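Asks: Sequence first, predicted coordinates after that:
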Amino acid sequence: MNTRPWCYDNIEDYDLDRSTLPKVLVARNACLNCPRLIQCRLDAAALRDKGTPPQSQVLGAVAYGHDGKPRDGAALVNYFNSRKPEKSAPPYVSKIC
């Protein structure tokens, strides 16, 4: 059984600037089953407490935007739709979340 966290081998899936919405959703869900979930949430809280919240990434099963605010549901879909579009990437619909 592999106990290595998903993010160690799929780091780009956790980067909101380099990934796609479907991959971010898979990454976020992988966090929920990760043995490091509690530690990652503590790390995110420590960063917020220092005034430097996580930005443009998934950490502790939470997707954070450029401003460090959590994005979920329609807000996450809107975040991806507001990015500079890839040439072949269609807009995402909120049914995905």
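Replies: Done, it's in. Numbers count the residues shown, from 1 in each chain.
Asks: Over to the residue nearest the centre of the chain: give its phi and psi.
Replies: Residue closest to the mean C-alpha point of the chain, counted by CA atoms, centre = their mean, is Val58 at 2.6 Å. Here is the backbone geometry of Val58 (degrees, to the nearest 10): phi -100, psi 130.
Asks: now swap in Thr20 and tell me
Replies: Torsion angles at Thr20 (phi, psi; degrees, to the nearest 10) stand at phi -120, psi 160.
Asks: burial measure for it, as a count.
Replies: For Thr20, the count of nearby residues is 15 (other CB atoms under 10 Å). Placement of C-beta: from N, CA and C, glycine included.
Asks: pLDDT at it, what is it?
Replies: In this model, Thr20 is scored at 93, pLDDT.
Asks: Just the terminal-to-terminal distance for stretch 11-20.
Replies: End-to-end distance for stretch 11-20: 13 Å, by CA to CA, to the nearest Å.
Asks: Would you mind stating the distance between Tyr79 and Gly73?
Replies: 11 Å (CB to CB, to the nearest Å).
Asks: ok, those two, which is more surrounded?
Replies: Shown here are Tyr79 and Gly73; by other CB under 10 Å, Tyr79 has more neighbours (22 against 10).
Asks: who's in contact with the residue nearest to the centre of the chain?
Replies: 7, 13-14, 16, 24, 27-28, 31, 64 (CB atoms under 8 Å, 6 or more residues apart in numbering).
Asks: of those residues, closest to Gln39?
Replies: Distance to Gln39, by CB to CB, is smallest for Cys31 among the contacts of Val58, at 11.1 Å.
Asks: need the next SSE after the lowest-mean-pLDDT helix or strand in the chain, C-terminal direction.
Replies: Lowest on mean pLDDT, DSSP states H and E among the helices and strands of the chain sits helix 6-9, with a mean of 86. Next in sequence after helix 6-9, counting helices and strands by DSSP states H and E, comes helix 21-32.
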